[in-house]
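Q: model this:
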Amino acid sequence: MDKFAEMKKVRDEVVSFTESPLCQLRIKEGYLPVIGEGSHDAEIMFIGEAPGKNEAETGRPFCGASGRVLDELLLHINLDRKEVYVANILKDRPPLNRDPKPEEIEMYGPFLDRQIEIIKPKVVATLGRFSANYVMKRYGLDFEIEPISSMHGKKFQAEHFTVIPLFHPAVGVYDASRKDDLKKDFEILKEFVK
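A: Got it, this is the predicted structure:
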């Protein structure tokens, strides 16, 4: 499989995806879709919930304050961001950074599913409760779902990869005293780093 060509197909489909009200908002506001970025051969794939304003303006995931925390956490475990793949469930920004609605997750989820299928990561590290719940339900781990405060930093085995729910990096933006907790959770990823 030509991973680059397959990811380009996903990108093209998201760009022309007009069924979502979020797409209409993207066009109206002059935003960009945020497909994802990183290595198509990544061992670790990070999945957030939805792009924020900075992301929608640049088309890059996790490029604002949360992205700086994510970069710091990756540095903590000596992992270059270019070696991982970073994406969100939603590819368009919800207004005012509100939580994704279930119907939006349902609309955009298939794009993410295909990205996971193309990349074939060993680990899917979810960032926040929405992505943790989506990935765990989608890949047969719904019986393991608990609040993110209970699941974070634990490993769950899906059929083709390990799921590791993590707090969203925004936790470190809003409460700098929690960065040590975030770093501790990220350390579990070290065993999957080449």
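Q: show the pLDDT at the residue of the chain most remote from its centre.
A: Outermost residue of the chain with respect to the C-alpha centroid, by C-alpha atoms, centre = their mean, is residue 28; its distance is 24.7 Å. pLDDT, residue 28: 90.
Q: what residues are bridge-paired with the residue nearest the centre of the chain?
A: The residue lying closest to the centre of the chain (C-alpha atoms, centre = their mean) is residue 47, at 1.6 Å. Beta bridges link residue 47 to residue 87, residue 126, judged by DSSP bridges.
Q: surely it touches residue 90?
A: No: shown here, residue 47 and residue 90 do not form a contact pair, counting by C-beta atoms under 8 Å, at 10.7 Å. Where you see a C-beta, it was placed from the backbone N, CA and C, and this is true even at glycine.
Q: show me the strands in this structure, by range?
A: For the chain, the strands defined by DSSP state E occupy 37-38, 44-48, 85-88, 123-127, 156-157, 162-166.
Q: with mean pLDDT and distance to residue 114 added, can I get those in TSV?
A: Shown next, in TSV, are the strands of the chain (pLDDT from 0 to 100; distance: least, C-beta to C-beta, whole Å):
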stretch	mean pLDDT	distance to residue 114
strand 37-38	96	16
strand 44-48	98	12
strand 85-88	98	11
strand 123-127	98	14
strand 156-157	96	22
strand 162-166	97	18
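Q: and residue 59, which of these is closest to it?
A: strand 37-38 (8.8 Å; C-beta to C-beta).
Q: quickly note the distance from residue 52 to residue 147.
A: Distance, residue 52 to residue 147, using C-beta to C-beta, to the nearest Å: 23 Å.
Q: between those two, which one's more packed in?
A: Higher neighbour count among residue 52 and residue 147: residue 52, with 22 against 10, using other C-beta atoms under 10 Å.
Q: what sits against that one?
A: The contact partners of residue 52, by C-beta atoms under 8 Å, 6 or more residues apart in numbering, come to 64, 66, 93, 97.
Q: if we can go back for a sec, which residues does the residue nearest to the centre of the chain contact?
A: Contact partners of residue 47, counting by C-beta under 8 Å, 6+ apart, are 87, 88, 89, 112, 124, 125, 126, 127, 131, 134, 135.
Q: what of residue 171?
A: Contacts of residue 171 by C-beta under 8 Å, 6+ apart are 178, 181, 182.
Q: how near is the second one to residue 67?
A: Looking back up the chat, that one is residue 181. Residue 181 is 19 Å from residue 67, by C-beta to C-beta.
Q: of the contacts of residue 171, just the buried ones, ChimeraX syntax please.
A: With 16 or more other C-beta atoms under 10 Å as the criterion, this ChimeraX line picks the buried residues out of the contacts of residue 171:
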select :182
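Q: of the contacts of residue 171, closest to residue 140?
A: Out of the contacts of residue 171, the member with the shortest distance to residue 140 (by C-beta to C-beta) is residue 182, at 27.2 Å.
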